[in-house]
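K.L.:
Need coordinates for the below:
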Amino acid sequence: MKKHTLALGLTAALGFSSTALATEATLPSVHVYKSPTCGCCTAWMDHLEENGFEVTATNSNNMAQIKQEAGLIPALGSCHTAYVGDYVVEGHVPADDIKRLLSEAPMATGLSAPGMPAGSPGMEMSNRQDSYQLILFNNRGQTRVFAEHN
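P.N.:
Presented below is the predicted three-dimensional model:
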């Protein structure tokens with residue numbers, strides 16, 4: 001049985017020290033903002049729970065505002081926006097990459113899987129597997145490739 005819950009309000013659970021090693025015993029909770037009708041967001045949340053994260057969700061009909069408040073530039077956007085530890089996680093980022101982000105703790109605002117790449121967690125489509133990059137970004141609009149999935 002899936003255990004993610006629906007939280008109210010716009011608060012993010014951020015009480016995690018980014019210097020701690022991201023093992024399943026120390027994983028911070030993930031707070032996801034998503035459209036109320038998005039199935040792929042729910043599938044991504046299931047993926048995170050299967051990989052040791054505790055997940056809560058807030059449904060929103062104003063995702064553009066949430067993305068703006070999170071510091072995302074339009075080119076980095078996807079369907080859902082999450083907060084984990086001290087970071088924003090945008091889109092279908094694999095759980096192992098979130099764990100790596102938390103372990104390495106780079107000076108950054110967050111990590112994005114721009115668009116909705118087929119084959120990424122929550123976007124499984126039969127045998128289709130798009131190549132995609134995960135982009136690390138900061139609050140000055142600077143970006144760099146964090147990981148590639150081919």
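K.L.:
Tell me what the spatially most central residue of the chain is bridged to.
P.N.:
Against the mean C-alpha coordinate of the chain, by Cα atoms, centre = their mean, the closest residue is residue 89 at 3.2 Å. In this entry, residue 89 is beta-bridged to residue 82, residue 111, by DSSP bridges.
K.L.:
Is it in contact with residue 83, as I believe?
P.N.:
Yes: counting by Cβ atoms under 8 Å, residue 89 touches residue 83, with 7.4 Å between them. Yep, even glycine has a C-beta here, placed from its N, CA and C like the rest.
K.L.:
Please enumerate the shared neighbours of the two.
P.N.:
Here residue 89 and residue 83 have residue 30 as joint contacts, going by Cβ atoms under 8 Å, 6 or more residues apart in numbering.
K.L.:
which one in the protein is furthest away from the centre?
P.N.:
Of all residues in the chain, residue 127 sits farthest from the chain's C-alpha centroid, using Cα atoms, centre = their mean; the distance is 23.2 Å.
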